[in-house]
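> here is my input, please return the structure:
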Amino acid sequence: MNRDRHRDPDRDRHRERDRRRRRTSGRRHTRSRPLPLSRLAPLTVVALLALSGCGGHGQDSAAGPSAAGPAPATRTPEKATEAPSPDAKAVDPCAVVTKQEAEKLAGTPLDPATPVRETCTYTGPITGPTAQVEIFVGDGAKKYLDIERDLGHTLRPLAGVGDEAYAEDEAVFLRGADRWVSIRLVRLNDPAENRAPLEEVARKAATRI
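Numbers count the residues shown, from 1 in each chain. I've put the predicted structure just below:
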């Protein structure tokens, strides 16, 4: 009883006020406490699924036009190139007139053949005498014949040599099918001496073109 009489009213009010503050602060801490990870995890997964779903629709719509576009055109295979006929095969000019035949035509030993594309040249030695045999095959031979005609040189037809053949003082021209061959002799002698040898070598050459 004496204790109740001597209780300080101000002290009691301060204690009551402290108890209320503790209760209020406890409630605040309870309300502001973050959600546990076990609750946040489902929310995060849902958000990620929603974002991936939106991205998937965007990719489908972007891929739509290309999928519906026209198919690439197929390349038509080219036709195989036909193999050349035996008549169209290349002819070695140095095989049209051999070295022995060229030496007989020139009347002197000659150096080995010098082939250059569709030509073949046998040249006399440096020590002499002056002599040279030139063989042309193809367009070059036909051009040579055309030049001789344009210059007005006399061309004698050679019967029985290839499909067509002509001769002049220093050269013969012969054709086998569509291929022309010319054989030219350079020699410091009377051109009349070369007529028979040129015709002889032309007849042999005609069997090789």
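> check which element follows the lowest-mean-pLDDT helix or strand in the chain along the chain.
For the chain, using mean pLDDT, DSSP states H and E, the weakest element among its helices and strands is helix 37-68, scoring a mean of 46. Heading C-terminal from helix 37-68, the first helix or strand you meet, by DSSP states H and E, is helix 93-96.
> other SSEs contacting that following helix?
If you count contacts as 3 or more CB pairs under 8 Å, 6 or more residues apart in numbering; DSSP states H and E, helix 93-96 packs onto strand 119-123, strand 131-137. Just so you know, the C-beta spots here come from the backbone N, C-alpha and C atoms, and that holds for glycine as well.
> show me what the very next helix or strand once past the longest one is packed against.
Reading on from strand 131-137 to the C-terminus, the next helix or strand found by DSSP H and E is helix 139-150. Counting contacts by 3+ CB pairs under 8 Å, 6+ apart, helix 139-150 packs against strand 171-176, strand 179-187.
> rerun that using 7 Å as the cut-off
With contacts defined as 3 or more CB pairs under 7 Å, 6 or more residues apart in numbering; DSSP states H and E, the packing partners of helix 139-150 are strand 179-187.
> can you give the strand pairings for the strand it packs on, parallel or anti for each?
strand 131-137 (antiparallel), strand 171-176 (antiparallel) (DSSP bridges).
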